[in-house]
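*Asks:* Quick one, fold the following:
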Amino acid sequence: MGTQKAYGQIVRATREVAAERGLSLVLAKDDPNMVPEPESIRGVIATQKVLYCGGCPDITEEVQARLIAAKP
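*Replies:* Next up is the predicted model:
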């Protein structure tokens, strides 16, 4: 499966779960324990917009389950 197709499936599943849970905004969250190489820190700073989120619902497992269930 191509990267673009996989990303489309992730976005669709995320949209469905979010709608079912009444969420109007879903943000990606990176693992803060992953320390990037010095030359890639600019990319991390440019792309990682959520630095802290306390008490926000995490729908990762629901999205993963939906993706697994959709596999042919």
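*Asks:* Where in this structure is the helix or strand with the lowest mean pLDDT?
*Replies:* Using mean pLDDT, DSSP states H and E, helix 41-47 stands out as the lowest-scoring helix or strand of the chain, at a mean of 68.
*Asks:* What's the first helix or strand after it?
*Replies:* Once the chain leaves helix 41-47, the next helix or strand it forms, by DSSP states H and E, is helix 60-70.
*Asks:* Let me see the mean pLDDT of the helix or strand residue 7 falls within.
*Replies:* Element membership of residue 7, judged by DSSP H and E, is helix 3-21. The average pLDDT for helix 3-21 rounds to 92.
*Asks:* where's the residue nearest the centre of the chain relative to residue 2, distance?
*Replies:* Centroid-nearest residue in the chain: residue 28, 3.8 Å away (criterion: Cα atoms, centre = their mean). Note on residue 28: its distance to residue 2, by Cβ to Cβ, to the nearest Å, is 20 Å. To be clear about C-beta, it is placed using only N, CA and C from the backbone, and glycine gets the same treatment.
*Asks:* Then residue 59?
*Replies:* With distances taken as Cβ to Cβ, residue 59 is found 24 Å from residue 2.
*Asks:* Of these two, give the one with the bigger neighbour count.
*Replies:* More crowded of residue 59 and residue 2, by other Cβ atoms under 10 Å: residue 59, with 17 against 7.
*Asks:* which one is that one nearest to, not counting chain neighbours?
*Replies:* In space, residue 59 comes closest to residue 17 once its chain neighbours are excluded; the distance is 5.0 Å by Cβ to Cβ, 6 or more residues apart in numbering.
*Asks:* ok, now which ones touch that neighbour?
*Replies:* Going by Cβ atoms under 8 Å, 6 or more residues apart in numbering, residue 17 touches 59, 62, 63, 66.
*Asks:* Isn't the first one up against residue 14?
*Replies:* To tie it back to what came earlier, the one meant is residue 59. Yes - using Cβ atoms under 8 Å, residue 59 is in contact with residue 14, at 7.1 Å.
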